[in-house]
Each structure stands twice: as structure tokens, then as C-alpha cells.
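Engineer: Just a sequence and a predicted model for now, questions to come.
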Amino acid sequence: MADYDAFPEQRLALIQRMLTDTGRVTGVDLARTLGVSEHTIRRDLQALARRGVCKKVYGGAVSQIVQSAPFEVRAAQNIEEKRLIARRCAQLIKPDTCIFIDAGSTYLAMVEYIPANLTLTIVTNSPQVAAALSSRRNGELILLGGKVNPLTGSTLSSDTVNQIRGMLFDQTFIGVCGLDPQAGLSAVYYEDACFKKAVLSQSNEVIAAVTADKIPQVARYNVASCDDIDIAVVSAETLMADFSHLSMRIEIAGRAE
């Protein structure tokens, strides 16, 4: 076995690789695996956090997302998982309500599962989602204005936030960059995080579609705690083992009703 106590850079590289593979590490397990003290591991995690590799949480650390892929790239990833989650999200929509649909490839996939005969007021900041919904005849479709952010593929500006403040949503389908039981829901970009917070403050029920690659992950900007999320829709129950003590309801996509 390598002497990780004598080779700190080798130790840091291994911890970083474990964060990449699993998304989360604990100090106790790392100390046991690497044969070093928990104090040494805490120092290592602090060093990795300063490099932007991870975010320290109680008992360990989670990997940190610093940027996301362009929308067109994300739309081509994990297609079947997104379709499963999207279908379950659509089944949660209540008739005769006002809902907000955030930007994101999973919510774009959700559009095709929203029943055409359902009367809804749908608000979105995603031009792609609005275009996919443009032929709906029941209810209203509102596309929020403002500057289009090419990184998120959505309208994000002070104008967009001001429009939100004049609306109340029965249900909000919020986008997720990262979800962690301690750090909560987070976003990669500051403008996006501010916008999501404004939406959540106007929402009665918050639903988060979460693909496996977002758990456990932490992005740079906090949006909400897990207790602020009413329902998380995921593809597998095993993904949410660390969330079982929270009040957030877990919906498993594809599970028989």
C-alpha cells in the first residue's frame, strides 16, 4: 500500500479522483482508507476546496460544479433518464393552475407529456420550452422577457426578476445544477441563482427534476435548502438514501402507481 502520509500530492490526487467518481467523500472513510489522521484529511479537503474542486460539508466534502455544458450538449445526454423523470413531473401537474417551468433539457422533455386538454397558465423563462408549448389552446402561455443568457439558454436579467415578482405560482418546476442533503439546491451561475430564488419566493409548491449526475453535487451559488423543496423527482430510489431524514417527498420516475 502506498504511503499516502508521506506523499500529500498523491493523496490529494486520489481524493480528487474519488470525488469525481462518487460526488461525496467522508473524512472518517478517507482517513481509514489512506491510513492517515482525520486532521490530515480535513486539511486536505480544505486545500481542495481552495482549488475549487469541492465544497466542505459536515463530516466530509462534495464535488463542486464550476460550469455547465451548453444547452444543446446537455439535451443530448441521459435522454432516457430525462424522459422518465419528465413524464413523472408532467403527471404531477394540477389542472386549472398557474405553473412555472424553468429552463433545462429535462423540462423541455416534459412538455410533450403535458396533456393537451389540461387548462393551465404556463410561465417560463425558456424560449425552447415556450416554442414547444406554442400550439397549446387551453389556458395561457407566458414567456418572460429580458436578455437571453447563452450559458443557460434562458432569459435572465433584472427585468425577468421584476416580472416574476408580480406573479404567484401554484407549482414551480425548478431547474437543478446540484442537489446535496446538506448544501441543498445550487446553481452554477449567479444570475440564475438569483432568478431561481425569486421564483421560489412566489411559489406554493416546488418540484425539482433531478438526474443522477446532479446527486450529490454542489454548484457555486446556493438557491434553497432541501426543506424548501416539496418534491424531488428522480430515476432511482438508491440515489436518495442520504435524503431520507428530510421532509422533501421523493418521487421515483417509472415506479408503478
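Structural biologist: The structure has been received and is ready for your questions.

Engineer: Only C-alpha atoms from now on, for both contacts and neighbour counts.
Structural biologist: Noted.

Engineer: Just checking, which helix or strand succeeds the one helix or strand Leu141 maps to along the chain?
Structural biologist: Assigned by DSSP states H and E, Leu141 belongs to strand 139-143. Following strand 139-143 in sequence order, the next helix or strand is strand 148-149 (DSSP H and E).

Engineer: which strands and helices sit next to the following helix or strand past that following strand?
Structural biologist: Next in sequence after strand 148-149, counting helices and strands by DSSP H and E, comes strand 154-155. Strand 154-155 sits against strand 148-149, with contacts defined as 3 or more C-alpha pairs under 8 Å, 6 or more residues apart in numbering; DSSP states H and E.

Engineer: Tell me which other helices or strands the strand it packs on touches.
Structural biologist: Strand 148-149 packs on strand 154-155, going by 3+ C-alpha pairs under 8 Å, 6+ apart.

Engineer: roughly how far apart are Tyr221 and Ile142?
Structural biologist: 27 Å (C-alpha to C-alpha, to the nearest Å).

Engineer: And Gly175, by the same measure?
Structural biologist: Taking C-alpha to C-alpha, one finds Gly175 at 18 Å from Ile142.

Engineer: As a check, name the ranges of all helices in the stretch 151-257 of the chain.
Structural biologist: For the stretch 151-257 of the chain, applying DSSP state H, counting those that start in this stretch gives helices covering 158-164, 190-201.

Engineer: Can you show me the strands along the stretch 151-257 of the chain?
Structural biologist: Applying DSSP state E, counting those that start in this stretch to the stretch 151-257 of the chain gives strands spanning 154-155, 171-174, 178-180, 184-187, 206-209, 218-219, 221-224, 231-234, 249-252.

Engineer: what about Ser135, neighbour count?
Structural biologist: By other C-alpha atoms under 10 Å, the residues close to Ser135 number 10.

Engineer: any idea which element it lies in?
Structural biologist: If you go by DSSP H and E, Ser135 is not part of any helix or strand.

Engineer: any idea how far Gly59 is from it?
Structural biologist: 50 Å.

Engineer: Ile85 now?
Structural biologist: Ile85 is 31 Å from Gly59, by C-alpha to C-alpha.

Engineer: again, but for Arg17
Structural biologist: For Arg17 relative to Gly59 (C-alpha to C-alpha), the value is 18 Å.

Engineer: got it, and Asp159?
Structural biologist: In terms of C-alpha to C-alpha, Asp159 sits 41 Å off from Gly59.

Engineer: and if you look at Gly104?
Structural biologist: 32 Å.

Engineer: and what of Leu246?
Structural biologist: Per C-alpha to C-alpha, Leu246 is found 18 Å from Gly59.

Engineer: Report the beta-bridge partner residues of Trp149.
Structural biologist: One thing to correct before we go on: residue 149 is Asn, not Trp. Taking DSSP bridges as the rule, Asn149 bridges to Ser154.

Engineer: mind listing what Glu9 touches?
Structural biologist: Glu9 makes contact with no residue, according to C-alpha atoms under 8 Å, 6 or more residues apart in numbering.

Engineer: Any buried residues in stretch 219-239, and which?
Structural biologist: Judged by neighbour count (16 or more other C-alpha atoms under 10 Å), stretch 219-239 contains these buried residues: 219-226, 228-236, 239.
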